[in-house]
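> how would this look folded up:
(chains A and B)
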Number of protein chains: 2
Amino acid sequence: MSLHDLMRQLQVRNNSKIVLVVADGLGGLPLAPGGKTELETAQTPNLDALATRGVLGSSTPVIPGITPGSGPGHLGLFGYDPLEFRIGRGVLEALGIDFDLGPNDVAIRGNFCTIDDKGIITDRRAGRIASEIGAKLCEKLAKIKIPGVECFVRPVKEYRLVIVFRGEGLGGNVEDTDPQKTGVPPLDPVARDAASKKTADIAREFLKQAREVLKDDHPANFFTMRGIDKRPQIPTFEEVYGLRAGAIAVYPMYRGLARLVSMKVLDAGQTLADQCARLEKTWNDFDFFFLHYKYTDSTGEDGNFAAKVERIEQLDAAIPKITALKPDVLMVTGDHSTPSKMKSHSWHPVPVLLAADMCRTDPCTSFGEAECLKGGLGQFQAKYLMSLAMAHAGRLEKYGA
Amino acid sequence: MSLHDLMRQLQVRNNSKIVLVVADGLGGLPLAPGGKTELETAQTPNLDALATRGVLGSSTPVIPGITPGSGPGHLGLFGYDPLEFRIGRGVLEALGIDFDLGPNDVAIRGNFCTIDDKGIITDRRAGRIASEIGAKLCEKLAKIKIPGVECFVRPVKEYRLVIVFRGEGLGGNVEDTDPQKTGVPPLDPVARDAASKKTADIAREFLKQAREVLKDDHPANFFTMRGIDKRPQIPTFEEVYGLRAGAIAVYPMYRGLARLVSMKVLDAGQTLADQCARLEKTWNDFDFFFLHYKYTDSTGEDGNFAAKVERIEQLDAAIPKITALKPDVLMVTGDHSTPSKMKSHSWHPVPVLLAADMCRTDPCTSFGEAECLKGGLGQFQAKYLMSLAMAHAGRLEKYGA
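Below you'll find the model as predicted:
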C-alpha cells in the first residue's frame, strides 16, 4: 500500500491544529571542522525551549547525497515522494510568478539571449538585462498568435520569462532549445514522444515569430526555452490527509508549490510579523498551516554566515507568536540545507523539530544539527514528516487490528 | 530482489538457536516531558546485562507515524512487510480464538446488536451482553444450514463472535454490514468483486436465517458483520528462513498470528514460568522460538504506568531462565509501543535488544528508549529484525561474490 493510500485510509478529522514552519535552507555547515553551524551559532531560546519539550531528528529531503531544488524539497515536506512527483523547471517558474497553471497548460522557462546575425548565441543571458526591459519584451512577445492555442508570456526577473501554451492535446515532453553554451545556435524544440509533437510544432512556430518580433532588441534579440513541461498530477493535500491547509508564504515560488498540492494560498504580507498576524487571523479556518521563511536560504546562498545566523534569530523571535496560538503539533524544519560555506543548496540532512503533547521527549535541549543526531526521530526521509505530524495530532487511526 | 527472496537465497541451516521475546506494547512514554518511560523506570538488571553485552536499537513497526494493530506489529517482527501482507479483521478475530482457518475459509467478525421492530439498529453492541449469553446465541446460530457451504459460529467475548464460511469459490471481498451507527438498519453484504458474489449471497442468506433464529433474544436479537476476509497467502516461516519455528504464546491472538506464518504453536501454559519451561522442554526441537508476553500491553492499555513497570520487572526476572539455555541470538522487543500515558497502541519506535556473540557492542548499558537511541542498530523498520537475527545466528551467506 502506498504512503498516500495509507494516509487516505487512516486519516480521521478532529479539531487539532498543525503548524509547519519551513525555514528555507535551514541546515548548514560549520565554517571550519569542529565548529558550529549557523543554527548552532544562533541564539535561539525559543526554539531551544521547543526542542526541550519536543523531539528532534534529521530529515533526508530525497535520498542520501541528493541536493534538492525548492520543488522536490517542499514536496517531500508535504509528504509527496519527490522521486515520484516531479515538477518541470517551466512549471516551477510559472508557479513562482503566481501563474495559475491548468491541466491543459504547458509551461516553459525562457531565457532572453543575444544572437549574432548568423543566429549564433553570443550571450545566454542577454547581458542580464534589467527587469523592466524584460517586461517590455514580454509584452511584445505576448502579441504572437498561433491558431488553436492560447499563448501567455510573463516576465520573471531580468532575462527570465515564462511562456505558457494552453490548449487540448499538448504533451509536455519536449527538448530544451537552450544549448547550455555560446558559439552555437539554439536547438530545435524536438518532441520526445508522439503526444508532444503538437507542442513542439507550436514552440517552433512561436520561436520563428519571436525571432522576427525581437530582431531589433539587441542584446535581448531572442530567447531560449528550458524545462518544457505540464504540471504533474498531484493528489490534493485535503484528499490525502483530510486537512484544510493554508499557506502563508511571501515568495511566489512557495505559494506556487503550496497551490500545486491545492493548499489555500493566503495573503502573507511582506514580513514574518505579517505572516504571524495572518496565522492568527485565519487560525480557525484551517487545520494545517504552512509558513515559509525565505531568508535562511537567501543568506546561505549569499555565503553570508553571520547574516544567516541573524535571520535564524529573527525566526526564533517570532516563535512565541506561534506557540501563543497553542498548536497541537508545531514543526520547524527546512526543505533542504543551504550552508553559507557552500553558497548553495546541499544534500546534508535537515534539522527537524517536532513539539506535541504525545511526542516521546529525547535528551535534546537545543535546536541544532549535532543535537538533532541525538534526537528521537532519528534520521528519516522528509516524506514521512507528514505521517508523523498526523500521528502526533491524533489524526491517524490504528493500522490493522 | 524482495526481502524474502533474499532470505530464501542466502539462508543456510546450522545448529544455532534464535529466541525472540516479544513484550507486547513494550515502548512507552514518560508521564511528563523529560521523565522516564515505563521501561526506563523498571529495575531490569538482567535486561541491562544483556544490553551491555548486546546491541540496542529502535524499530519502526510500519513507517514513521503509523500505529499498528497486533497483526501488522507481529508480521513486521516476523519479517513480513505489514503494508504488503494484510490481515482482515475477521481473520484476526478467528485467529484470536484459535480457529484454524483453511485456504477456503472466509472469516467474519460479528457483533451482536439490538434491532427494533422496524429492523433499525438501536444498540450496536446489544447492551454488551455477558459472554455466556453470547456463547448460547452462537450455539443457536451454529444450527443454520446453507447448502454447499459449511458454517462455523464461535463466541469471542461479550457481544463479539466469529462466523466462518468454508467452501469452494468463496472470495473474501465483501462489504461490512455494520453501518457504524445506530438509527439505521444493517447494510447489505455487497460483493466488491465478482469472485466474492457467492460469499455475499451466503452471508445474505445466513443473516436472513439469523434474524429468525434470534428474534426473541432481545437485546441480542441480530448481529452485524465486519472485516469479511480470507486469510492472506503468506509464505511459511520455514520456507523463507529455513527455520523450524515454535511459538510459545498464552493468548490466542498471538498463537493465531504465529500459525499464520506456519510456526508450530506449542502449549504455553498460563504463566511466564510455564512458557519458560516449555522453551526448555522443546529446546532441541526448533531453531527459532517466538515467546509472547502480553502484560506489558494490557497494563499500558489500562493506563497503569506502575503496573506496566511491574510487568516489565517480572519479564526481567524470567530472562535468566532463557539465557541459561544459551541461545545464539536472543532478542527482546515489542510489536509496538503502548504508552500508559495514551492508554493505547502508538506509533512511537519500539526498543530493540539483540544479544549474540557477533554483535557489535555499543555504549549502551541499560535497556530503555533513550538508551536505544544511542544503540548500534539505529532506527530501522521492524521487518529487518529477522535478517539481523539470521545474520547474527550465522544463517545467512554472503550476498554476491
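
> Closest approach to chain B from the stretch 301-401 of chain A, which residue is it?
Proximity of the stretch 301-401 of chain A to chain B (CB to the nearest CB) peaks at residue A:387, 3.2 Å away. Backbone N, C-alpha and C define where each C-beta goes, glycine included.

> Following element in sequence after the longest strand that chain A contains, please.
Longest strand of chain A, by residue count under DSSP state E: strand A:105-115. Downstream of strand A:105-115, the next assigned helix or strand under DSSP states H and E is strand A:121-123.

> Please name the strands paired to that next one in the sheet, noting orientation.
strand A:105-115 (antiparallel) (DSSP bridges).

> quick one, domains of chain A?
Per automatic domain parsing, the structural domains of chain A span A:3-86+A:234-392, A:91-230.

> Residue A:218 and residue B:167: what is the separation?
Distance of residue A:218 to residue B:167, given as CB to CB, to the nearest Å: 84 Å.

> Who has more neighbours out of the two?
residue B:167 (17 against 13; other CB atoms under 10 Å in any protein chain shown).

> Test my guess that that one contacts residue B:104.
Yes. With contact defined as CB atoms under 8 Å, residue B:167 counts as touching residue B:104 (6.1 Å).

> sorry, back to before: how is the nearest residue to the residue of the stretch 301-401 of chain A closest to chain B once chain neighbours are set aside assigned, secondary-structure-wise?
Here the nearest residue to residue A:387 in space, its sequence neighbours aside, is residue B:65; by CB to CB, 6 or more residues apart in numbering or on different chains that works out to 3.2 Å. At residue B:65 the chain is in coil, as set by DSSP: H, G, I helix; E, B strand; the rest coil.

> Is it correct that residue B:65 is in contact with residue A:390?
Yes. When contacts are counted by CB under 8 Å, residue B:65 is listed as touching residue A:390 (6.0 Å).

> In the stretch 51-200 of chain A, what residue lies closest to chain B?
residue A:53 (4.8 Å).

> residues contacting the closest residue to that residue other than its chain neighbours?
Excluding the flanking residues, the one nearest residue A:53 by CB to CB, 6+ apart is residue B:33, at 4.8 Å. Residue B:33 sits next to A:52, A:53, A:361 when contact means CB atoms under 8 Å, 6 or more residues apart in numbering or on different chains.

> thought the first one was touching residue A:364?
Yep, that's residue A:52 we're talking about. Yes. Residue A:52 lies in contact with residue A:364 (CB under 8 Å); the separation is 7.3 Å.

> Report the buried residues of stretch A:222-241.
A:222-232, A:234-235, A:237-238, A:240-241 (16 or more other CB atoms under 10 Å in any protein chain shown).

> Now do the contacts for residue A:94.
Here residue A:94 is in contact with A:101, A:105, A:107, A:154, A:162, A:164, A:256 (CB under 8 Å, 6+ apart).

> for chain B, what are the nearby residues on chain A?
A:1, A:3, A:6, A:10, A:52-53, A:358, A:360-363, A:374-380, A:384, A:386-392, A:396-401 (CB under 8 Å from any CB of the partner chain).

> Just the buried residues of these.
Buried among the residues of chain A next to chain B (16+ other CB under 10 Å): A:3, A:6, A:10, A:52, A:358, A:360-362, A:375-380, A:384, A:386-392, A:396, A:398-401.

> Cool, thanks, talk later.
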